[in-house]
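K.L.:
Dropping the sequence and predicted coords here.
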Amino acid sequence: MRMNTQNTEATMHEFLRKIPLLSGLSLEDLTRLGQMVDEVHCHKGEYLFWEGDSGDKVFIIQEGEVEIFTDSGGQEITLAIRKSGEVIGEMSLIDMAPRIASGRAHTDCVLLVLTKERFDELLGASAEASHDILYTIIPRLRDTQKILGESRQEILRQSEQLEQALSALQKAHEVLEVRVQERTSELAEANVILKEQVAEREHAEMALASERNLLRTVIDNIPDYIYYKDINGEFVLNNLGHVRMLGETSHEAIIGKSDFDFLPQELAELYQANEQHILSSGKPIIEHEEIFIDQQTGQSRWGAATKVPLRDNSGNIIGLVGVTRDITERKQSETELENYREHLEELVDARTAELTEVNYQLKNLYDQLQQEVVLARRIQQSLLPSTRPGWANPTLSCYSAPAREVGGDFYAYYTHEPHNDHQTERFVVTVGDVSGKGMPAALLMAVSIASLQAIVSKRLSPSDLLTYLDLAIAPFTKTTHQNCALCCVELEKNVLRAANAGCIYPIIRRAKGGIEWVEVGGAPLGTGLGSQLGYVQAEAILEPGDLVILTSDGVVEANNLKRELFGFEQLEQAVASGPTTNADDPNPKVGLFNAIF
């Protein structure tokens, strides 16, 4: 005997579906069954099992023939020749009863072997497979019972005939001596036939018992409630779960009774009307939701009932088979989900009302801020110089581009005429940037410009001017500060002196080519550090045609549409390559300013 577990899935499905016992299985269950069986190759004359062996497996003939025989008085008697597509020993999977006959390969054959362990695994894994096998077994049980009944009557009849024949032989013994041998031979043949019939009857009885056990095993291990009612609504068959649901402990307590014996009158009448419609119309109901009462707990529960009319071999309806699944937990979940949905809707309504109120408050706040921004912009614009100085040399151009949020950026310029022979003409230019936006920044800008106007006429150095400004605005700064770059140019000497309080370094574009940064730094104004540490200043000699640029950090921190910073490198490139802007231009935003902005 050679075992092979390989077989194509399509071939296996086609073969298994042709077997009556398995014809109702789904494709998924056939696939599962195909994975459970082992393919065995046997040669002619090879024994498969012996009479009396434990029936722990079933054989499905795929190819060839198998002889079933028994031993009677040392003589082998062939009981049957099983062919391709037939099943041997299926009932042994239920009760593990000993084999009542032996089996051997009548020809070279191929068998599919399924053990009891794997068969139980199939039933436990698929309730649908259990149902299909159940409906296949019920008709076979009836057929087997019919065969047993007919066989028993035939055996009794032949037994009576045998006794009559023996009596006649006894009486005619003296005169019929010659015929003794002939009659003895007839009796021997009759005895062989009788043994065969007895063996067949015993086999049928065992098959019937095994199939009954299979049926009971299948339906009792299904979690659903299964029942079979006759046409009068009386129970014929129930699984263990349904017995317990009705409050009983044995099947015998249910058989022959109806719903009226276990359920309230109103509920029993509802079931009866429903089922009478099924019996009269012949149409099943599928997954019909209905209430049932668990008699063990007395609680009402929800079930999904499927009820199908049952017909005999002639097609007449003889009852119905019902399967009810407990869906109470699912219905409770649906109710909880609906309650939760309603609760969420209430929360959404409440939250919507809150957001509406918040939006109203935010709109009022936004309107107030807009008014503040307008006022701050007016203050900022009013503090910037309205005209440019009429200097012949050097020329001065100024440009300010306000951002979306008004800040404290400013610029200013002042001219100092000499008051004695020791003084020379000079001018002062400053650029500043107050941290923060809106009205606070605009007010600090106003304080800074007013303080600078009060002291600039004293002809102090750029570093001293920044020290004075730091002390002047310190009382007005709490969480803010101010950057400022200040340059002073003495015209006769062409000397530029610069001091810086956290602002961008002044830039010189030389007329002869090249860019220079006047690298001088210091602490921002308003922090108090500048007046304590002091400010330093740097000097640079200017040549005719040189261009000096002061700018706030708003230029290098500006973003384009791609959110890219302008940056120092691009500022330097714009200064180096841009055209010169002078005081004669009618629009300040031309030339170099246009290149930068």
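P.N.:
Sure thing, it's come through. Numbers count the residues shown, from 1 in each chain.
K.L.:
Phi, psi for Gly251 please.
P.N.:
Quick fix: residue 251 is His, not Gly. phi -70, psi -30 (degrees, to the nearest 10).
K.L.:
So it is in contact with Val243, correct?
P.N.:
Yes. His251 lies in contact with Val243 (Cβ atoms under 8 Å); the separation is 5.9 Å. Yep, even glycine has a C-beta here, placed from its N, CA and C like the rest.
K.L.:
Quick one: classify the closest residue to Gly34 other than its chain neighbours as helix, strand or coil.
P.N.:
Distances taken as Cβ to Cβ, 6 or more residues apart in numbering place Met12 nearest to Gly34, at 4.0 Å, with adjacent residues excluded. Classification of Met12 using DSSP: H, G, I helix; E, B strand; the rest coil returns helix.
K.L.:
quick one: low-confidence ranges for the chain?
P.N.:
Residue ranges of the chain with pLDDT under 70: 1-7, 91-96, 127, 129-180, 366-396, 398-408, 416-424, 435-439, 479, 580-597.
K.L.:
if we can go back for a sec, more crowded one of His251 and Val243?
P.N.:
More crowded of His251 and Val243, by other Cβ atoms under 10 Å: Val243, with 20 against 16.
K.L.:
can you tell me which residues contact the more buried one?
P.N.:
Thr249, Ser250, His251, Ala253, Ile254 (Cβ atoms under 8 Å, 6 or more residues apart in numbering).
K.L.:
Not counting sequence-adjacent ones, nearest residue to the first one?
P.N.:
Using Cβ to Cβ, 6+ apart and skipping residues adjacent in sequence, the residue nearest Thr249 is Val243, 7.1 Å away.
K.L.:
Please, which helix or strand holds the one you found?
P.N.:
For Val243, the element it lies in under DSSP states H and E is helix 240-245.
K.L.:
quick one: buried residues of that helix?
P.N.:
Neighbour counts over helix 240-245 (16 or more other Cβ atoms under 10 Å) mark Leu240, Gly241, His242, Val243, Met245 as buried.
K.L.:
Can you tell me the element the residue nearest to the spatial centre of the chain falls in?
P.N.:
By Cα atoms, centre = their mean, the chain has its centre lying nearest to Leu337, at 18.6 Å. For Leu337, the element it lies in under DSSP H and E is helix 328-383.
K.L.:
Check Glu39 too.
P.N.:
Going by DSSP H and E, Glu39 is part of strand 38-42.
K.L.:
now for that strand, which elements pack on it?
P.N.:
Contact partners of strand 38-42 among helices and strands, from 3 or more Cβ pairs under 8 Å, 6 or more residues apart in numbering; DSSP states H and E: strand 2-4, strand 109-115.
K.L.:
so can I have a markdown table of these showing distance to Leu444 and mean neighbour count?
P.N.:
Below are the helices and strands packed on strand 38-42 laid out as a markdown table (distance: least, Cβ to Cβ, whole Å; neighbours: other Cβ atoms under 10 Å):
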| stretch | distance to Leu444 | mean neighbour count |
| --- | --- | --- |
| strand 2-4 | 94 | 10 |
| strand 109-115 | 93 | 20 |
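K.L.:
CSV for the ones you listed, including distance to Ser26?
P.N.:
Formatted as CSV, the helices and strands packed on strand 38-42 follow (distance: least, Cβ to Cβ, whole Å):
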stretch, distance to Ser26
strand 2-4, 26
strand 109-115, 17
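K.L.:
can you tell me which of the ones you listed comes nearest to Asp259?
P.N.:
Judged by Cβ to Cβ, the one of the helices and strands packed on strand 38-42 that comes nearest to Asp259 is strand 109-115, at 38.9 Å.
K.L.:
neighbouring contacts of that closest one?
P.N.:
So strand 109-115 is contacted by 3, 33, 36-42, 48, 56-66, 93 (Cβ under 8 Å, 6+ apart).
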